[in-house]
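J.: got a predicted structure here, sequence first:
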Amino acid sequence: MRKIFESKYFRIAATVFAAGAALIVFWQIVTKWGGFKDGVRSFLNILQPFAYGLVMAYLLAPIYNAVVRGLYPRVKNRFKQKDTALKFSRVIGSVVAVLLIFAIIAALIVLFVPQLIDSISGIVQTLPGRVEYINEAINRLMTRMENEEIAQDVINFTDDLEENIVKWARTTLIPAAGDFMQVISQRVMLTIRTVLNFFIGVIACIYFLNGKERFKAQARKTVRSLVSRSTASELSEFVHYTDRTFGSFINGKIIDSLIIGVLCGICMAIFRLPYPLLISTIIGITNIIPFFGPFIGAIPAIAIIFLISPWKSLYFLILIIVLQQLDGNVIGPKIIGSSMGLGSFWVMFAIIIAGGMFGFLGMVLGVPVFAVIYYYLGKLVSKRLQHRGLPERTEDYMEFNHYDIDRKDVLK
């Protein structure tokens, strides 16, 4: 039987069978794409708690490692066995990590939620008055226009706006209340499911933190059983580089966004701009998105402030431009690094492509993913150039013939 399995014809037959099975699976996926996509979505929803746990474990691993590393030398002599001291240190590290999660959530609830509710309530209360003020301003402007026909049309439109809104509410909003209630109930169930998944994710996070060495060892053992030693070494280097890139980017971006949000709130309080906590929270969260983040957050913020005071919205726009320059030229490079090996064009390219494909998550993670791809494509190109005996520097391939300039005059 062993000779049959090791024969050339058996390997050929197995290869043909595997290729045929792969073609059948591919054809089923293509012809039944809708059902396949729904199945994948359902499967991903089942894995959602583990995704939460993996993300939390990845972010909390430095703190967990620091606690275990600092506590173990102090307690190893207090236990008869060293592994017991390590288990004790791991337990304390897990407790610290979980307490940090709930401390952050509690801080958000206690400090931010009441202020956000007050800010939103203030916006709702002042919105009708601001709309009326803008309406009156438009009417005054239109009455001064030379073209009386256009002015009268605009005045009639603004005068009928309230009546149209009431009519829309009676004819559309109220009849659709049942659908709204159904949507609300679905959202409530989704929120409950999300909260439940979060708590399961916390438990999964503890398992990931305490078992990461075993998980890594199992992955390393599996890889070594499938590929050669050199290939395994290359895969290990790839994983380490990817982990280092993502870790430095994500942790650095969180710290960077926290600093920008705090600076924005302080500056808004100093210059007495409205809703400093609400606006600075929006700016801090959207600043996680590289390049476009400050401007994405500035659009709704400016709209909110404009309802209170158009002049203050202009002051806020100036403040955002100053903060963006400070973040892009000073804070960001100090915390994250200059550009992760990417030029500004490639950063913008990665954000647009990844954001278009995967939404907000793509906009956040598109840069580190593209940085890893860009790095290894560069290594592949350099390796091929070395094999061909060609120069590796990009500058060696740049030409300035269109400007009648010698390349040596502008490149060193």
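T.: Yep, it's here. Residues are numbered from 1 along each chain as shown.

J.: and whichever helix or strand M363 is part of, what does it pack onto?
T.: Assigned by DSSP states H and E, M363 falls within helix 344-388. In terms of contacts (3 or more Cβ pairs under 8 Å, 6 or more residues apart in numbering; DSSP states H and E), helix 344-388 is packed against helix 229-270. Backbone N, C-alpha and C define where each C-beta goes, glycine included.

J.: kindly calculate the angle that the lengthiest helix in the chain makes with helix 229-270.
T.: Identified as the longest helix of the chain according to DSSP state H is helix 177-226. Calculated by axes from the mean of the first three to the mean of the last three Cα atoms, to 10 degrees, helix 177-226 forms an angle of 140 degrees with helix 229-270.

J.: helix 177-226 - what's its average pLDDT?
T.: Averaging pLDDT along helix 177-226 yields 78.

J.: do stretch 108-117 as well
T.: Mean predicted confidence for stretch 108-117 is 70.

J.: same check, this time on stretch 44-56
T.: The average pLDDT within stretch 44-56 is 84.

J.: now stretch 260-267
T.: 89.

J.: outside of that stretch, which residues touch it?
T.: For stretch 260-267, contacts defined as Cβ atoms under 8 Å, 6 or more residues apart in numbering pick out 276-277, 279-281, 283-285, 287, 294, 319-320, 323, 326-327, 331.

J.: could you pull out the buried residues of it?
T.: By 16 or more other Cβ atoms under 10 Å, the buried positions in stretch 260-267 come out as I260, G261, L263, C264, G265, C267.

J.: list the buried residues for stretch 377-385?
T.: For stretch 377-385, the neighbour count (16+ other Cβ under 10 Å) marks no residue as buried.

J.: same question, stretch 64-78
T.: Buried-residue list, stretch 64-78, by 16+ other Cβ under 10 Å: Y64, V67, V68, L71, Y72, K76.

J.: what do you get for stretch 206-226?
T.: I206, F208, L209, N210.

J.: touching it from outside, list them.
T.: The contact list for stretch 206-226, computed with Cβ under 8 Å, 6+ apart, reads 53-54, 57, 60-61, 64, 90, 93-94, 97-98, 232, 235-236.

J.: just the buried subset of those residues, written out for ChimeraX, thanks.
T.: Of the contacts of stretch 206-226, the buried ones can be selected in ChimeraX as follows, counting by 16+ other Cβ under 10 Å:
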select :53,57,60,61,64,90,93,94,97,98,232,235
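
J.: nearest spatial neighbour of G297, chain-adjacent residues omitted?
T.: T286 (3.2 Å; Cβ to Cβ, 6 or more residues apart in numbering).

J.: separation between the one you found and I279?
T.: 11 Å (Cβ to Cβ, to the nearest Å).

J.: how about F238: what's its closest non-neighbour residue?
T.: Counting by Cβ to Cβ, 6+ apart, the residue nearest F238 is Y376, at 7.2 Å.

J.: I'd like to know how far the one you found sits from K216.
T.: Per Cβ to Cβ, Y376 is found 21 Å from K216.

J.: repeat for L86
T.: Using Cβ to Cβ, one gets 16 Å for the distance from L86 to K216.

J.: what of S382?
T.: For S382, the distance to K216 equals 29 Å [Cβ to Cβ].

J.: again, but for I105
T.: From I105 across to K216, the span is 29 Å (Cβ to Cβ).

J.: same deal with V330?
T.: Plainly put, V330 is 37 Å away from K216 if you go by Cβ to Cβ.

J.: what does L342 give?
T.: Going from L342 to K216 by Cβ to Cβ gives 28 Å.

J.: tell me, how many residues neighbour F360?
T.: 12 (other Cβ atoms under 10 Å).

J.: show me what contacts the closest residue to it other than its chain neighbours?
T.: Setting aside the residues directly before and after it, F360 is nearest to I289 in space (Cβ to Cβ, 6+ apart), at 7.6 Å. Counting by Cβ under 8 Å, 6+ apart, I289 touches I296, I351, F360, M363, V364.

J.: need the worst-confidence member of the residues you listed.
T.: The lowest pLDDT within the contacts of I289 belongs to F360, with 71.

J.: comparing T286 and I279, which residue is more hemmed in?
T.: Between T286 and I279, I279 has the larger neighbour count (other Cβ under 10 Å), namely 26 against 23.

J.: give me the element L71 is part of.
T.: helix 48-75.

J.: same check on T84?
T.: helix 82-107.

J.: what angle sits between that helix and helix 177-226?
T.: Interaxial angle, helix 82-107 versus helix 177-226 (the same axes, to 10 degrees): 160 degrees.

J.: list the helices and strands helix 82-107 packs on?
T.: Right, helix 82-107 is packed against helix 48-75, helix 177-226 by 3+ Cβ pairs under 8 Å, 6+ apart.

J.: which among these is found nearest to D243?
T.: Checking these against D243 by Cβ to Cβ gives helix 48-75 as the closest, at 8.7 Å.

J.: which SS class is L342?
T.: Put simply, L342 is coil when judged by DSSP: H, G, I helix; E, B strand; the rest coil.

J.: related to what we said a few turns ago, relative orientation of the helix holding T84 and helix 48-75 in degrees?
T.: Put simply, helix 82-107 runs at 130 degrees to helix 48-75, going by the same axes, to 10 degrees.

J.: what comes up buried for helix 82-107?
T.: With burial defined by 16+ other Cβ under 10 Å, the residues of helix 82-107 counted as buried are A85, L86, F88, S89, R90, I92, G93, S94, V96, A97, V98, I101.

J.: what's the farthest-apart pair in the contacts of stretch 206-226?
T.: Within the contacts of stretch 206-226, two members stand farthest from each other by Cβ to Cβ: V98 and A232, at 34.5 Å.

J.: tell me which element the residue nearest to F360 falls in.
T.: Under the criterion DSSP H and E, no helix or strand holds I289.

J.: where does it land on pLDDT?
T.: On pLDDT, I289 comes in at 78.

J.: from F43, how far out is it?
T.: Per Cβ to Cβ, I289 is found 28 Å from F43.
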